[in-house]
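**Q** Below are the sequence and a predicted model; questions follow.
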Amino acid sequence: IGTIATLAAGSGVVEESLLQKEINRFVNIIAMFALASASTLFVIGMARGVSFLTCFVNGFIIVLVANIPEGLAATVTSCLAVVAKRMSAKNVLVK
């Protein structure tokens, strides 16, 4: 029992699809943007003389939390819409 499942599980290497690669690229871009904006606000706060803890929480953590979830869903949805439109133009039918 389980021999077939064990053989089937290790039978091949699963490659990422083009859509998965594009989504990963967009997620990385959003994460880098969020990190850059949070770091910029942290440095500006420190330059203005704000305490480290206040600057870290308000200028770094909150900006990261606010940017990533809100931008991620919109980007993934836009990416899926663009890919669906391309596939529709090529008359591709997906189950």
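**A** Received it, and whenever you're ready, just let me know what you need.

**Q** list the helices and strands the helix or strand where residue 85 lies packs on?
**A** Using DSSP states H and E, residue 85 maps to helix 62-89. Contacts defined by 3 or more Cβ pairs under 8 Å, 6 or more residues apart in numbering; DSSP states H and E place helix 62-89 against helix 18-47. Every C-beta, even on glycine, is put in place using the N, C-alpha and C of the backbone.

**Q** So what touches the helix or strand just after the helix it packs on?
**A** Following helix 18-47 in sequence order, the next helix or strand is helix 52-56 (DSSP H and E). With contacts defined as Cβ atoms under 8 Å, 6 or more residues apart in numbering, helix 52-56 is touched by 42, 45, 46.

**Q** shaky segments in this structure?
**A** 1, 7-14, 69-71, 94-95 (pLDDT under 70).

**Q** Kindly recompute the last result at 80.
**A** 1-16, 19, 23, 59, 64-76, 79, 93-95 (pLDDT under 80).

**Q** Can you pull up the most central residue in it?
**A** Against the mean C-alpha coordinate of the chain, by Cα atoms, centre = their mean, the closest residue is residue 27 at 2.2 Å.

**Q** thinking that residue is in contact with residue 75, fair?
**A** Yes: assessed by Cβ atoms under 8 Å, residue 27 is found in contact with residue 75 at 7.5 Å.

**Q** What's the local residue count around residue 55?
**A** A count of nearby residues for residue 55, using other Cβ atoms under 10 Å, gives 19.

**Q** Kindly report the same for residue 42.
**A** Neighbour count of residue 42, defined by other Cβ under 10 Å: 20.

**Q** what kind of secondary structure is residue 16 in?
**A** Assigned with DSSP: H, G, I helix; E, B strand; the rest coil, residue 16 falls in the coil class.

**Q** What sits closest to it if chain neighbours are left out?
**A** residue 24 (7.4 Å; Cβ to Cβ, 6 or more residues apart in numbering).

**Q** ok now do residue 90, which residues does it touch?
**A** For residue 90, counting by Cβ under 8 Å, 6+ apart, there are no contacting residues.

**Q** Show me what counts as buried in stretch 25-41.
**A** When neighbours are counted by 16 or more other Cβ atoms under 10 Å, the buried residues of stretch 25-41 are found to be 26, 27, 30, 34, 37, 38, 41.
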